[in-house]
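Novice: this one's sequence-less:
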């Protein structure tokens, strides 16, 4: 079986990022970005997708968390893309409906090779600790752009900002877990085009 792992290092004047993923792991996570709530969310993503995830980011947090979160998300998407390879033998599609107390989130993924995001969430308080809640959509935009996947995320109900964001990460994780699973009935790439790499 092909090893579905990747290591990405990304360095700019605003951040230094290291991301390692193993798509066939057990959901073990080790995340340090300097943004505690974002660390918590990335840990949810790894745990519930079954992807082993290592993240080390040092960013210009004296400015704000934007560059740190953005650059980590871009690196994560690139790592997912590299680990998926030519996407042979995958289920390709995944979806999940995840509750978290009063909150309910629906996520659907297509490992299509075409980056596209549809995202709907309610207005929320601006901050969870030091985490700017407006960054959540930008995280998905960044991951989608570099992983070349189609992602739909809809918050169907929810009031508590922590729950609304966390349920999104859990729903995306469960949809991703399904989409990246290898299907023995799929021969080659699951597309009539013969490619899922853009």
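Specialist: Sure thing, it's come through. Here the structure is a predicted model, which is why all the values come from computation and not from measurement.
Novice: pLDDT weak spots in this structure?
Specialist: 1, 187-198 (pLDDT under 70).
Novice: Apply 80 and report the result again.
Specialist: Scanning the chain for pLDDT under 80 picks out the ranges 1-2, 184-198.
Novice: Strands along that one, start to end?
Specialist: 5-11, 15-22, 29-32, 52-59, 93-100, 103-110, 116-120, 127-128, 131-132, 150-157 (DSSP state E).
Novice: Dump these into TSV; add mean neighbour count as well.
Specialist: Heads up, the C-betas are built off the backbone N, CA and C, glycines and all. Output for the strands of the chain, formatted as TSV (neighbours: other CB atoms under 10 Å):
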stretch	mean neighbour count
strand 5-11	16
strand 15-22	21
strand 29-32	17
strand 52-59	20
strand 93-100	18
strand 103-110	22
strand 116-120	14
strand 127-128	16
strand 131-132	20
strand 150-157	18
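Novice: can these go into JSON lines with extra columns for distance to residue 176?
Specialist: Below are these laid out as JSON lines (distance: least, CB to CB, whole Å):
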{"stretch": "strand 5-11", "distance to residue 176": "14"}
{"stretch": "strand 15-22", "distance to residue 176": "11"}
{"stretch": "strand 29-32", "distance to residue 176": "14"}
{"stretch": "strand 52-59", "distance to residue 176": "11"}
{"stretch": "strand 93-100", "distance to residue 176": "6"}
{"stretch": "strand 103-110", "distance to residue 176": "6"}
{"stretch": "strand 116-120", "distance to residue 176": "14"}
{"stretch": "strand 127-128", "distance to residue 176": "23"}
{"stretch": "strand 131-132", "distance to residue 176": "21"}
{"stretch": "strand 150-157", "distance to residue 176": "9"}
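Novice: and residue 142, which of these is closest to it?
Specialist: Closest to residue 142 of the strands of the chain is strand 116-120 (CB to CB; 9.6 Å).
Novice: For the closest one, which strands pair with it and how are they oriented?
Specialist: Strand 116-120 has these partner strands in its sheet, going by DSSP bridges: strand 150-157 (parallel).
Novice: Report the angle between the strand it pairs with and strand 93-100.
Specialist: Orientation check (axes from the mean of the first three to the mean of the last three CA atoms, to 10 degrees): strand 150-157 against strand 93-100 gives 20 degrees.
Novice: Other residues contacting strand 150-157?
Specialist: Strand 150-157 has contacts (CB atoms under 8 Å, 6 or more residues apart in numbering) with 102-110, 112, 114-122, 140, 143-144, 164, 167-168, 171-172.
Novice: and the angle for that strand with strand 103-110?
Specialist: Using the same axes, to 10 degrees: strand 150-157 against strand 103-110 is 170 degrees.
Novice: can you count the residues close to residue 89?
Specialist: For residue 89, the neighbour count with other CB atoms under 10 Å is 19.
Novice: same thing with residue 181?
Specialist: When neighbours are counted by other CB under 10 Å, residue 181 comes out with 15.
Novice: All set now, cheers.
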